[in-house]
Structure formats: C-alpha cells, structure tokens
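Enquirer: pasting the sequence and the predicted model now:
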Amino acid sequence: MNKLKNNVLIKNIFILIVSGAIAKLIGMIGKIIYTRQAGVNIVGLYTLITPTFMLIISICQFSFPISISKLSAENKYDNKKLLISAYATGFIINILMMILILLFSKTIARMLHNEILYKAIISIIFIIPFITVTSIQRGFLHGKEKMLPASIANVIEELIKIFLIITILPIAIAKSNIIAVITIILFNIITETSSYIIMNKAIKKYVKKQKVTIDKIIIKDIIKISLPTTLVRLISSLGFFLEPILLTYVLVKNGYSSNYITLEYGIINSYIIPLLSMPSFFMMSIASALLPNITKAYTNRKYQEFNNKLLKLIIFSIIVGIFCLSVILIFPDKILNIIYGVSFGVNYIYLVGPFFIILYMQPSLSAAIQAMGKTNKLFYVSLISTILKYGVLFISGFLGFGMNSLIFSMITGIIITTLLVLIIVLKEINKKS
C-alpha cells in the first residue's frame with residue numbers, strides 16, 4: 001500500500017514538474033511574441049494595470065485550489081455537493097468584486113494617472129467567473145490526485161494564448177493601444193474555457209447524476225481553510241497593486257510625466273524582471289522535486305540528513321544562479337535583443353541583477369519551511385517585507401531617485417524576504433540540533 005502511494009506521489013511530482021516546465025517554456029515564447037508585437041507603449045499600459053488585475057484574481061480565486069483540494073482529498077463530503085457549494089461561494093465573491101470594480105475602476109485609473117485604463121479595469125469583470133470556476137476544478141482534481149488533466153489544461157492554455165497573440169492581437173493593435181490591452185485581458189475567457197472543458201471531462205466520473213443542494217457546512221469549511229491563505233496572499237497582492245500607484249504619485253510630484261512612468265515601468269516589469277527571473281524556474285522545479293524527500297527526513301527526525309540535503313540544494317541553486325546571471329550580465333543588450341527585440345533597460349539589469357543571486361535561494365528556503373510545517377510564519381514575512389519594500393519606494397521616490405526608487409524597493413524586498421525566511425529556517429534547525 002505504501003509503495004503504491006509512493007509511486008502515485010512520484011508520478012504526480014513528475015507530471016507537475018514536466019508540465020510546469022513545458023507550460024513555462026510555451027508561456028515564455030508567448031510572452032516574447034507578445035512583447036515584440038505589442039511594442040513598449042502597449043506593454044507599458046498592460047504592465048501598469050497588471051497589479052490591479054492580479055489583486056482581483058487573488059480575491060476571486062479565494063485560495064480555492066488549496067481549500068477544495070484538501071476537502072476533495074478527505075472524501076467526507078459528496079463530490080457534487082462540494083463542487084456546488086464551492087461554486088456558490090465563488091459566485092458571491094464574484095458579484096461583490098464586480099460591484100467594487102464598477103465603483104472604483106475610474107478612481108484606480110486616476111490614481112495611475114492614466115484615465116483611459118478604466119476601460120481595461122472594467123473588462124476584468126468578464127473573466128472573473130471563468131477563473132473562479134477553473135480554480136475550483138483544479139483544486140478538486142488535485143485532491144483526487146489527478147494531476148494530468150489540470151496539467152494538460154495549463155499547457156493547452158499557453159498554446160491557445162500564443163495562437164490568439166499571433167492572430168487576434170495585431171488586429172486589436174491596429175485599432176488602438178487600449179483596445180489591445182483589453183483584448184489581452186479578454187483572451188483569458190478563451191483560455192480558461194479550454195481549461196474548463198478539459199477538467200470538466202475528468203471531473204464527470206466523480207460526480208453522480210443526482211440533485212444536490214448547497215451545504216452551509218461545506219461553505220464554512222471552505223472559508224475556514226481559504227480565508228487565512230487568501231489573507232497572506234493579499235498582503236503581497238495588495239502591495240503589488242499599490243506599487244504603480246505609489247510610484248506614479250511620487251514621480252509625478254517630482255515632475256516626471258505619466259508617459260515616461262508608464263514606459264519605464266513596462267520596461268522593468270515586462271523585460272528586465274522576467275529575464276532575470278528565468279533561472280529561478282530551475283530552482284523551483286528542483287525544490288518541488290525534493291520537497292517530499294526533505295519532508296520525510298524532517299518528519300522522521302533525521303535532522304542531519306535534512307540539513308545536508310537543504311545545504312546541497314541551496315549551494316546548487318547559487319551555482320546555477322551565478323552561471324545564468326553571469327551570462328545575462330555579460331551580454332545584457334544582446335540577450336534583450338534576441339529575446340524581446342529591444343535593448344532598453346540595461347542599466348536596470350546592472351543595478352538589480354546581482355541581488356537575484358539571493359532571490360534564487362528562496363525556492364530552497366521555502367521548501368524547507370514547508371517541510372518543517374512552518375508556513376504560517378510566512379504571513380509575518382510577507383507583511384514585514386511588503387511594508388519595508390514600499391516604504392523604500394515611497395521615501396526614495398520623494399528623495400529624487402526617479403525610476404531607480406522602484407529598483408531600490410525590489411532590492412529591499414529580495415533581501416528582507418530572503419533574510420527573514422533564512423532566520424526562520426536556521427532557528428528551527430538550531431532547535432532540533
């Protein structure tokens with residue numbers, strides 16, 4: 001029985017890593033095509049609205065992939081009743097979010113000093129139900145240890161996105177920049193629908209054809225699991241949401257134009273940070289693969305084995321990170337030109353790039369925290385890091401550092417987050433030694 005469980009676990013880890021790698025690679029190709037086609041102005045506008053987009057999605061997902069996965073795995077509720085209750089919970093959250101978006105879209109656009117963006121913010125309303133439903137479906141299938149349908153759906157999503165970028169986006173770009181941004185957002189309706197079709201087919205075998213009603217006890221259980229996790233995510237999402245608003249506010253006060261801010265913000269977040277973040281995927285994949293192994297060592301109180309594996313994982317992450325980062329730092333303009341067809345922002349790469357060595361350690365340290373069962377402490381890490389990060393952004397912006405104030409805030413976030421997580425891990429290791 002244990003051997004069977006281990007085989008299923010290994011199979012699921014393999015599926016997640018391989019599908020994740022494929023989806024990430026296709027997604028990266030899609031982003032390269034998108035940035036080349038869209039141009040800096042559209043990329044800048046979309047990047048400016050992305051934090052608002054991500055905040056809304058974080059709320060509407062309500063950590064369903066985690067809560068529904070747990071309840072689905074426990075098998076204490078009827079499958080159909082669980083899904084219906086989850087959809088009802090999501091529906092209520094969606095309605096509330098739609099009302100808030102309609103009320104505050106123009107206010108957010110004004111805070112971003114780009115009033116035309118309110119149309120793009122309103123367009124998010126149309127994709128909310130699709131994202132909520134597929135989040136619930138993913139959680140349900142993961143709880144049943146059926147990783148393949150959701151993994152296939154992720155890959156298909158990215159392929160469809162590339163097709164839409166190549167065929168539909170040029171038509172939207174020809175009309176106007178804001179129509180192009182709205183079109184990119186609405187692509188999610190098609191990609192999420194494809195995921196729904198694939199995952200719904202897999203779910204059908206678990207659902208009986210019978211009438212069921214919404215269960216208030218199930219809804220309470222969903223809220224009990226989802227709410228704390230969502231609150232942790234909301235701290236970073238809220239910080240990310242406030243980032244362009246704070247940045248625009250302080251830079252406009254210092255005499256910078258909104259067009260300059262939009263352009264530079266797009267360059268940093270759509271070209272520079274994705275380029276520097278590429279190596280972290282290898283670290284995340286390796287950390288995910290070794291998570292069951294180091295968890296087992298820690299659970300069985302083999303602390304020396306745990307320490308050795310964690311140290312090797314960190315050293316390997318640093319070595320791979322140094323190699324990848326060295327290539328980027330030596331040929332930044334050539335790499336930017338090959339990948340994105342631009343040569344903007346090389347100065348930002350030199351400024352923030354060296355600190356990404358620290359960032360590459362984070363997946364290993366996060367895996368250690370998960371293995372130790374101390375994920376609840378990440379709430380305080382996220383809170384402290386977010387406050388300090390955007391405090392630096394606000395202060396350095398007023399001191400006249402211009403767009404570099406955003407870079408300084410990123411560096412602060414990387415250092416503080418890694419340092420706090422490292423302190424938690426070392427503290428727990430010392431307790432057991």
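Expert: The structure has been received and is ready for your questions.

Enquirer: which residues of the stretch 251-400 of the chain score low on pLDDT?
Expert: By pLDDT under 70, the low-scoring segments of the stretch 251-400 of the chain are 285, 288-292.

Enquirer: so where do the helices sit in it?
Expert: Here the stretch 251-400 of the chain has its helices, by DSSP state H, counting those that start in this stretch, at 258-267, 273-277, 280-299, 303-330, 332-340, 346-352, 356-359, 362-372, 378-398.

Enquirer: any chance of the ones you listed in JSON lines, plus distance to E192?
Expert: The C-beta positions use only the backbone N, C-alpha and C, and glycine is treated the same way. As requested, the helices of the stretch 251-400 of the chain are arranged in JSON lines below (distance: least, C-beta to C-beta, whole Å):
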{"stretch": "helix 258-267", "distance to E192": "25"}
{"stretch": "helix 273-277", "distance to E192": "22"}
{"stretch": "helix 280-299", "distance to E192": "23"}
{"stretch": "helix 303-330", "distance to E192": "32"}
{"stretch": "helix 332-340", "distance to E192": "26"}
{"stretch": "helix 346-352", "distance to E192": "33"}
{"stretch": "helix 356-359", "distance to E192": "30"}
{"stretch": "helix 362-372", "distance to E192": "27"}
{"stretch": "helix 378-398", "distance to E192": "27"}
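
Enquirer: the ones you listed: which one's closest to L55?
Expert: Among those, helix 378-398 comes nearest to L55, with 12.7 Å by C-beta to C-beta.

Enquirer: can you get me a residue count around L234?
Expert: By the criterion of other C-beta atoms under 10 Å, L234 has 16 neighbours.

Enquirer: secondary structure element for Q210?
Expert: Following DSSP states H and E, there is no helix or strand that holds Q210.

Enquirer: for S343, which non-adjacent residue is closest in space?
Expert: D333 (4.8 Å; C-beta to C-beta, 6 or more residues apart in numbering).

Enquirer: so which helix or strand takes in the residue nearest the centre of the chain?
Expert: Centroid-nearest residue in the chain, with C-alpha atoms, centre = their mean: M54, separated by 8.1 Å. Using DSSP H and E, M54 sits in helix 2-61.

Enquirer: quick one: distance of that helix to the chain centre.
Expert: Between the centre of helix 2-61 and the centre of its chain there are 7 Å (C-alpha atoms, centre = their mean, to the nearest Å).

Enquirer: report the inter-axis angle for it versus helix 280-299.
Expert: Orientation of helix 2-61 against helix 280-299 (axes from the mean of the first three to the mean of the last three C-alpha atoms, to 10 degrees) gives an angle of 120 degrees.

Enquirer: give me the mean pLDDT for helix 2-61.
Expert: Helix 2-61 shows a mean pLDDT of 77 in the predicted model.

Enquirer: re the thing from before, so which of the helices of the stretch 251-400 of the chain gets nearest I424?
Expert: Closest among these, once you apply C-beta to C-beta, is helix 362-372, at 6.4 Å.

Enquirer: got the contact list for that closest one?
Expert: 280, 283-284, 286-288, 290-291, 294-295, 297-298, 306, 310, 313-314, 317, 375, 377-378, 417-418, 421-422, 424-425, 428 (C-beta atoms under 8 Å, 6 or more residues apart in numbering).

Enquirer: over to stretch 220-236?
Expert: 55, 58-59, 61-64, 66-68, 70-71, 85-86, 89, 378-379, 382-383, 386.

Enquirer: could you rerun that using 7 Å?
Expert: 58, 62-64, 66-67, 70-71, 85-86, 89, 378-379, 382-383, 386 (C-beta atoms under 7 Å, 6 or more residues apart in numbering).

Enquirer: would you confirm that the residue nearest to the centre of the chain contacts S237?
Expert: Yes - counting by C-beta atoms under 7 Å, M54 touches S237, with 5.7 Å between them.

Enquirer: how about I124, nearest residue that isn't a chain neighbour?
Expert: I56 (5.5 Å).

Enquirer: hmm, I typed the wrong one, I wanted C324.
Expert: Per C-beta to C-beta, 6+ apart, closest to C324 is P279, 3.7 Å.

Enquirer: ditto for E157
Expert: E157 sits nearest to T191 (C-beta to C-beta, 6+ apart), 4.3 Å away.

Enquirer: distance of the one you found from K175?
Expert: 21 Å (C-beta to C-beta, to the nearest Å).

Enquirer: neighbour count: those two, which is higher?
Expert: T191 (23 against 11).

Enquirer: ok so, going back, just give me the closest of the contacts of stretch 220-236 to G44.
Expert: S58 (22.7 Å).

Enquirer: so where does F401 fall, helix or strand?
Expert: Using DSSP H and E, no helix or strand contains F401.

Enquirer: that one - how many residues pack around it?
Expert: Around F401 there are 18 residues (other C-beta under 10 Å).

Enquirer: same thing with A153?
Expert: 26.

Enquirer: please name the nearest non-neighbouring residue to it.
Expert: S195 (3.9 Å).

Enquirer: among the contacts of stretch 220-236, the buried ones, what's the PyMOL command?
Expert: Filtering those down to the buried ones (16 or more other C-beta atoms under 10 Å) takes a single PyMOL command:
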select buried, resi 58+62+63+64+66+67+70+71+85+86+89+378+382+386
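
Enquirer: picking up where we left off before, let me know how buried the residue nearest to S343 is, in neighbour terms.
Expert: Using other C-beta under 10 Å: D333 sits among 13 other residues.

Enquirer: M403 too?
Expert: 20.

Enquirer: next, it: phi, psi?
Expert: phi -70, psi -20 (degrees, to the nearest 10).

Enquirer: tell me the contacts of it?
Expert: M403 is in contact with E264, counting by C-beta under 7 Å, 6+ apart.

Enquirer: if I look at it, how far off is I319?
Expert: From M403 to I319 the distance is 32 Å (C-beta to C-beta).

Enquirer: hmm, back to that, and the helices of the stretch 251-400 of the chain: which comes nearest I214?
Expert: helix 378-398 (30.2 Å).

Enquirer: show me what that closest one packs onto, helices and strands only.
Expert: Helices and strands touching helix 378-398, by 3 or more C-beta pairs under 7 Å, 6 or more residues apart in numbering; DSSP states H and E, are helix 216-253, helix 404-432.
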